[in-house]
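K.L.:
model this:
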Amino acid sequence: MRLRSLIVFGTAALLLVSGCTAEPTVEPKPSASQSGSSSQTPTPTPAPIVEPETAFDVTCDDVAATMAELVGEPSTPVEPVLSTVSAMSWLPGPAQHMFQRAGGIACSAGDAERNWEVTIVPDALAVIAGATERQGFWGEAASCENGRCGFELPDGDVLLSATVVDPDLGADDTSPIEEALRGIAASAASSTREVEYVDSDIVGASCERFVTPEQVDAAFGVSDAALFTDFGGWGIPAEVYEVVNGSRICYVKSAGSEYEGSSYLMLTTLPAGAWAFEKLDGDPVEVEGADAAKASEGQNGEKILDVRVGLDWIRLMTYDNGSGAADPAPLAEKVVRNFTVGHTAPE
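P.N.:
Have a look, this model is predicted:
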C-alpha cells in the first residue's frame, strides 16, 4: 500500500525533534505540470480543508472498544491523537496528528496513573526499515512489567505500536493484551488501500527556511540563539514525523548543550494540517501573511501561536525563562514571510 501525492495549488506553510538524530533525506514530491499560455497566470482555487484518508478500516472507536475490554473505561475521553501524558517535548501540537497525515491513526486516553496509546501506521515495511537504519526500531516486542506494557506488532504492511500504563498490570497481562492488539493489527492489515494525501511545500524543508538563530536573537532581544535539530534518540514517532511527513522539529535555545540554558523557540508543523488547526482552541489573532492564527498558553507559562497558511499548520511556542515567555507574534510574521516569499536580506 502506497500513499499517492495529491498536488494542491495555493499558499504553503511551515515547521524540532526531541528524540532525533541526523536529519534523514525526504524524497522530493512531484510537482504539478503547467499548460496553457505562459502570459496568463490563472488564479488558483483554494483547496477544501479535509481530513486525511485512512489507509485501512480500523478506527479509534474499534481501538477504544478493545482497550475498554482489556483495562476498563478510561478516566478521560478517547482522543484521536497522540497522548500528551509523559510525552515527547515536541508535543502537544501538530505532531500529535502525524499518524493521520501518514494515512494511519493515533488513539489515546487516560491520566498520569492509568493511560494507553495505540498507533497504527501503513507502509510499515518502509517505516520499519528507516527506523531500524536510524537505530529506532529493534523488532517485534510485547511485554508488561511493573505497571507498564509496550508493544510493537507488525502485520503485513501495517505496524501497531502501543503503550499501556496501569499499576495493576504485570507479566501475566502480556498475552491477553498482545492477542487483542494483534487482532486489531490484523484487521488493519487485511483492509489496506491506496489513499491520496495533500502535498505541501513543508515536506523536506529545513528549519532555516522558516527562521534563523539571528532572527530569533533580533526578535527576542538575545544574542546567543542557536538552532538544535540533532539530539536525543530515534523511534517510530520520529520516523513518521521527519521522514513520512517530511516535517522538522526546530528548537532554538541558548548556545551550548541542548539540555542546559535558556529555551527560546520550538517550531513544529503539520503539512496540509489545516483540518487539525480548525479544531484548535485559542483566541483568534491577526498574523500578517497568514490565513488564520490562534493564540494560547501552555501549562508552564509558554506562549503558543498556531498559524494556518493555506492548508498548512505551523506552531510557534516560546518559553518562560523567569521573566515571562516572549510574544511569538512578531517572529511568526517573519516565519510566514520567510516561507511564502523568502528571506529578505541576511541578518
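K.L.:
C-alpha only now, for contacts and for neighbours.
P.N.:
Will do.
K.L.:
can I get stretch 122-137 in PDB, CA atoms only?
P.N.:
What follows is stretch 122-137 as a C-alpha-only set of coordinates in PDB (Å, rounded to 0.1, in the frame of the first residue of the first chain):
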ATOM      1  CA  PRO A 122       0.600   2.000   6.900                       C
ATOM      2  CA  ASP A 123       3.600   1.400   4.600                       C
ATOM      3  CA  ALA A 124       5.100  -0.300   7.600                       C
ATOM      4  CA  LEU A 125       7.900  -2.100   5.700                       C
ATOM      5  CA  ALA A 126       9.400   1.300   4.700                       C
ATOM      6  CA  VAL A 127       8.800   2.800   8.100                       C
ATOM      7  CA  ILE A 128      10.400  -0.100   9.900                       C
ATOM      8  CA  ALA A 129      13.400  -0.100   7.500                       C
ATOM      9  CA  GLY A 130      14.000   3.600   8.000                       C
ATOM     10  CA  ALA A 131      13.600   3.500  11.800                       C
ATOM     11  CA  THR A 132      15.900   0.400  12.000                       C
ATOM     12  CA  GLU A 133      18.600   2.100   9.900                       C
ATOM     13  CA  ARG A 134      18.400   5.100  12.300                       C
ATOM     14  CA  GLN A 135      18.600   2.800  15.400                       C
ATOM     15  CA  GLY A 136      15.000   3.500  16.400                       C
ATOM     16  CA  PHE A 137      13.400   0.100  16.000                       C
END
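K.L.:
from residue 127, how far off is residue 136?
P.N.:
Counting by CA to CA, to the nearest Å, the separation of residue 136 from residue 127 is 10 Å.
K.L.:
helix/strand/coil for the most centrally placed residue in the chain?
P.N.:
When CA atoms, centre = their mean is applied to the chain, the residue found nearest the centroid is residue 95 (1.8 Å). Going by DSSP: H, G, I helix; E, B strand; the rest coil, the secondary structure assigned to residue 95 is helix.
K.L.:
how about the secondary structure of residue 128?
P.N.:
Secondary structure state of residue 128, per three-state DSSP, is helix.
K.L.:
do the same with residue 243
P.N.:
Residue 243 falls in the helix class when you classify it by three-state DSSP.
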